[in-house]
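# Sequence and computational prediction follow.
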2 protein chains.
Amino acid sequence: MPASSPASDKYTQSQPLWARIALALRGRVLAGEWKAGEAIPAESALSEFYGVALGTMRGAIQSLVEDGLLERIHGRGTFVRGGLTGATMLRFFRFGSAEGDVPASRIKSVKAVKAPALAARELLLAADEQAICIERQRCWGGKVQLLETLWVPHGPFKALLDLDKKDFSPLMYPMYAERLGITVNRAVDELSFDRLSAAQARTLDLPVGHPALRVERVAFDLAGRRIEFRVTVGNADHFRYRAEIR
Amino acid sequence: MPASSPASDKYTQSQPLWARIALALRGRVLAGEWKAGEAIPAESALSEFYGVALGTMRGAIQSLVEDGLLERIHGRGTFVRGGLTGATMLRFFRFGSAEGDVPASRIKSVKAVKAPALAARELLLAADEQAICIERQRCWGGKVQLLETLWVPHGPFKALLDLDKKDFSPLMYPMYAERLGITVNRAVDELSFDRLSAAQARTLDLPVGHPALRVERVAFDLAGRRIEFRVTVGNADHFRYRAEIR
DNA sequence: AAGTGGTCTAGACCACCGA
DNA sequence: CGGTGGTCTAGACCACTTA
C-alpha cells in the first residue's frame, strides 16, 4: 500500500483512503500474516507503516471490526477474530429439560460423493464436482433431536476422509479450524417448514409426516468463500426464534 | 447540556462526552423538537451549540444513527428516521403467485377490553388494565392468509375506538404515526410453531390442526415504550426466513 | 454557489490492561 | 509501569445535493 498508493494522493482515488488500507489489512489477515486469535500491530505502528494519520487508521480497523474480521479490546490490542463456535443451531430450538446436558454429536457416515444439485448450487461447485457428505445426529436428553447432512468441497476438506468417525469433534467449525486451518466467519440460515420422511421419523421417534423445521445453512470462510452447505431437520414443536426489525 | 456539563470538563464524567451529547440530542428528538422526516441542524451548527469539536459531534450523531433514531444523507442533512412501514410480516412468508397483488387488510373488530394475561405481560400493563384489541385478516391472491390479533394500551390509542373499521389503513404503523403521532421505531418478533384451531382453520380454508407459524411481536416507539403486542398466525407451508450469524 | 455530510491530519490526553 | 485502544481538539479540504 505505501508504495502503490502513497497517502499524499489525497482524495484522488475512487475509494477512501481508510477503505484501501482496510483492504490491504484484510489481505494480510487472509494471507495468514496474523492468525486467528493473534493480535495485529498497534494502531500507532500501523498508521506509521502506512503513512496515515491515526484517525484514518482507526477508520480502516473499525470497518474490519464491523465486518467481523477483527475485534478490539481496550488496553490489550486488536485481534483477528476466531471463527464461529458452531453451537449455534441450538438457537432455533428450545429443548425443555435438557439444560445441563451436553449436546452430543454422532457421526453416521463420511463419504466422498458427487455433489447433488442443491449442494452444488449452494457451494458454487461445477456439475459433477466431488464433495464430501457427512451425516450426523445431534442428541439432547438421551434422544436424537436433530438430523444433519453436510456437504463440503472435496479439495480443502479431503483430510476428513482419513479421519475416524470417533475422532470428529462435536463442533464442526472449531474442528475445521484446528485440523484444516479453515475459519468459518459467517453463515446464512434459511428456515422453512417441512414434514418428516419415514426414515427421519423413525430416527427421531416421531410419526411420519410430523411437522419439521428445516434449516439450510451456507457457511463462509474469512475470504468469503462458501465452504459448507448443511441441512438440519428437527421437530417443529421445539422451534423458537427471535428476530428483530428496525 | 452546555450549561449543565461544559465541554471543558474533559474526561471527568462517567460517560464520554459524545455519549452525553447523544443523550441530549435524543431527548430533543423525543420531545418533538424535530419531527420524523425532518432534518436536524447541521453538524457544524450543533458542534458550535454544544461547544465541542466537530469530530465529537459526529460521534454523538453516529451513535444515534446506529441506534436507528437518525439517518444521514450525504449532501442533504441528518434526518429523524420515519418509523417502520409495517409491511414487514411478509418477510416470514412466500406466497407463490401473488406477486403483483396488493396485500389487502380486513378489520374484523375493534374493542376496548381488559388486557389478557399474555398481552398485559408483553405490554407491561398492570393487571386488569384497559387495552384495545383489534382483530384483522390479511389477504393475498383472493385468499385469507394471515390472522392477526393486536393489543395496544388504551390511553394513547383510544382514538382508534372512534374510527370506522373502513377507515383503518392497511398498514398500522403509518396510521399510528398520522392519526396518533406515535412512531414505531423497532419491533421484536418471536417465532414458533403451532397448529390451527377449528376457527382459524375455517377462516384460512385449511384442515383443523394444520401446521401454522405463530409470530408474537412487540413493537416499541421512539422512546422505547412498548406500544403494541400482536399475534400473527399463518400457514406454515409458506414460511420462509433468512437469518445470518457472524 | 452555498450548504451538507465525508475524509483526513497532527497532535494531546484519558482509561484500561498486563507484567 | 509501558503499551494498548478510546476520546477529543481544531483545523483543512473533498464529495454530494440543491437551488
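Yep, it's here.

# Nearest to the middle of chain A, which residue? Look it up for me.
A:Val184 (3.1 Å; Cα atoms, centre = their mean).

# Check the spacing between it and A:Leu69 real quick.
Counting by Cβ to Cβ, to the nearest Å, the gap from A:Val184 to A:Leu69 is 13 Å. Where you see a C-beta, it was placed from the backbone N, CA and C, and this is true even at glycine.

# try A:Leu196
Counting by Cβ to Cβ, the gap from A:Leu196 to A:Leu69 is 39 Å.

# Domain parsing of chain A, as residue ranges.
A:17-80, A:87-238 (automatic domain parsing).

# Quick one: end-to-end distance for the first one.
End-to-end span of domain A:17-80 (Cα to Cα, to the nearest Å): 22 Å.

# Now look at it and say if it contacts chain B.
Yes: Domain A:17-80 reaches chain B (Cβ under 8 Å from any Cβ of the partner chain) through A:55, A:68.

# tell me the average confidence for that domain?
The pLDDT scores in domain A:17-80 average 96.

# Strands of chain A, residue ranges please.
In chain A, the strands defined using DSSP state E lie at A:39-40, A:70-73, A:77-80, A:104-114, A:130-140, A:143-153, A:184-195, A:211-221, A:226-235, A:240-245.

# Among those strands, which comes closest to DNA strand C?
In terms of Cβ to the nearest atom of the strand, the element of those nearest to DNA strand C is strand A:70-73, at 6.6 Å.

# quick one: is the closest one near DNA strand D?
Yes: residues of strand A:70-73 are located near DNA strand D by Cβ under 7 Å from any atom of the strand, namely A:72-73.

# So what are the sheet partners of that strand and their directions?
Using DSSP bridges, the strands paired with strand A:70-73 are strand A:77-80 (antiparallel).

# in the strand it pairs with, what counts as buried?
Using 16 or more other Cβ atoms under 10 Å in any protein chain shown as the burial criterion, the residues of strand A:77-80 that qualify are A:78-80.

# same question, stretch A:142-157
Buried residues in stretch A:142-157, defined by neighbour count with 16+ other Cβ under 10 Å: A:144-154, A:156-157.

# does any part of it sit near chain B?
No: Stretch A:142-157 lies apart from chain B when judged by Cβ under 8 Å from any Cβ; the minimum separation is 14.7 Å.

# Pull the distance from that stretch to the chain's centre.
Per Cα atoms, centre = their mean, to the nearest Å, the displacement of stretch A:142-157 from the mean C-alpha position of its chain is 13 Å.

# mean confidence for it?
Per-residue scores along stretch A:142-157 average to 95.

# Just the C-alpha atoms of it, please, in PDB.
What follows is stretch A:142-157, C-alpha atoms only, in PDB (Å, rounded to 0.1, in the frame of the first residue of the first chain):
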ATOM      1  CA  GLY A 142     -30.800 -39.000  25.600                       C
ATOM      2  CA  LYS A 143     -32.900 -38.600  22.400                       C
ATOM      3  CA  VAL A 144     -31.900 -37.900  18.800                       C
ATOM      4  CA  GLN A 145     -33.300 -34.400  18.200                       C
ATOM      5  CA  LEU A 146     -31.600 -33.100  15.000                       C
ATOM      6  CA  LEU A 147     -30.700 -34.800  11.800                       C
ATOM      7  CA  GLU A 148     -27.900 -33.100   9.800                       C
ATOM      8  CA  THR A 149     -26.500 -33.600   6.400                       C
ATOM      9  CA  LEU A 150     -23.400 -31.600   5.500                       C
ATOM     10  CA  TRP A 151     -21.500 -31.100   2.200                       C
ATOM     11  CA  VAL A 152     -18.100 -29.600   1.900                       C
ATOM     12  CA  PRO A 153     -15.900 -29.200  -1.200                       C
ATOM     13  CA  HIS A 154     -13.600 -32.100  -1.700                       C
ATOM     14  CA  GLY A 155     -10.300 -30.300  -2.200                       C
ATOM     15  CA  PRO A 156      -9.700 -28.400   1.000                       C
ATOM     16  CA  PHE A 157     -11.600 -30.900   3.200                       C
END
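
# on that earlier part again, closest to B:Ile245 out of the domains of chain A?
domain A:87-238 (4.9 Å; Cβ to Cβ).

# how about the residues of chain A near DNA strand D?
Within chain A, the residues that sit near DNA strand D (Cβ under 7 Å from any atom of the strand) are A:10-12, A:39-45, A:54-55, A:58, A:72-78.

# Got a PyMOL select line for the buried ones in those residues?
Provided next is the PyMOL selection string for whichever of these are buried by 16+ other Cβ under 10 Å:
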select buried, chain A and resi 40+43+58+78
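
# For A:Ala236, grab the count of nearby residues.
26 (other Cβ atoms under 10 Å in any protein chain shown).

# so what's the nearest residue in space to A:Pro211 that is not next to it in sequence up against?
In space, and not counting its chain neighbours, A:Pro211 is closest to A:Ala236: 3.9 Å by Cβ to Cβ, 6 or more residues apart in numbering or on different chains. By Cβ atoms under 8 Å, 6 or more residues apart in numbering or on different chains, the contact list for A:Ala236 reads A:193, A:210-213, B:193, B:211, B:236.

# A:Leu70 now?
A:29, A:40, A:61, A:64, A:78-81.

# try it again with 10 Å
A:Leu70 is in contact with A:22, A:25-26, A:29, A:34, A:39-40, A:60-64, A:78-81, counting by Cβ atoms under 10 Å, 6 or more residues apart in numbering or on different chains.

# if we take those residues, which one ends up nearest to chain B?
A:Arg81 (9.2 Å; Cβ to the nearest Cβ).

# how close does the closest one get to A:Lys158?
In this view, A:Arg81 and A:Lys158 are 26 Å apart by Cβ to Cβ.

# Now the common contact residues for A:Val184 and A:Leu69.
Counting by Cβ under 10 Å, 6+ apart, the common neighbours of A:Val184 and A:Leu69 are A:222, B:246.

# the more surrounded of A:Arg81 and A:Lys158?
Ranked by neighbour count (other Cβ under 10 Å), A:Arg81 and A:Lys158 place A:Arg81 first, with 19 against 14.
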